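A.B. asks: Provided below are the primary sequence and the corresponding predicted coordinates.
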Amino acid sequence: MLDSLYTRLAERASADPDVSYTARLVQKGTKKIAQKVGEEAVEVVIEAIRGDKEKLISESCDLLYHLLVLWHVSGVKPQDIWTQLEQRASDTGLEAKARDKQRQKDNKES
């Protein structure tokens, strides 16, 4: 499902911004898209705490949409995410955390 949504929004990203919200959002750039992801994430948290299942579902859809747009403008494809998730699934949680910590350390040293 997310793969097909990604494909659809990637096609819409180059549409006329006057008729496509996705194109308009892409035109605003990564910073604005990342801001929208953050806003939607906060809304997801709020609805989870409130216990409103329907609003949680709706806000989760908004979050996933904006995350997919962020992936698109960042050159990340869903398969990149699925591959990483598969790698993580084979590790225990503590192994994955240790690997991520080492990766962050390596990135800081680069």
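C.D. replies: Now that the structure is in, tell me what you want to look at.
A.B. asks: how far off centre is whichever strand or helix holds Val37?
C.D. replies: Take DSSP states H and E as the rule and Val37 turns out to sit in helix 30-50. Centre-to-centre, helix 30-50 and its host chain are 11 Å apart (C-alpha atoms, centre = their mean, to the nearest Å).
A.B. asks: contacting residues around the next helix-or-strand element following it?
C.D. replies: Next along the chain after helix 30-50, taking DSSP H and E as the criterion, comes helix 53-74. Under the criterion C-beta atoms under 8 Å, 6 or more residues apart in numbering, residues 2, 5-6, 9-10, 13, 22, 25-26, 29-30, 33-34, 36-37, 40-41, 43-44, 46-48, 76-78, 81 lie in contact with helix 53-74. Bear in mind the C-beta positions are built from the backbone N, C-alpha and C, glycine included.
A.B. asks: on that earlier part again, what's next to the helix holding Val37, contact-wise?
C.D. replies: For helix 30-50, using C-beta under 8 Å, 6+ apart, the contacting residues are 25-26, 55-56, 58-60, 62-63, 66-67, 69-70, 73-74.
A.B. asks: buried set for it?
C.D. replies: Using 16 or more other C-beta atoms under 10 Å as the test for burial, helix 30-50 gives 33-34, 36-37, 40-41, 43-44, 47.
A.B. asks: can you find the helix or strand in this structure with the smallest mean pLDDT?
C.D. replies: Using mean pLDDT, DSSP states H and E, helix 93-109 stands out as the lowest-scoring helix or strand of the chain, at a mean of 82.
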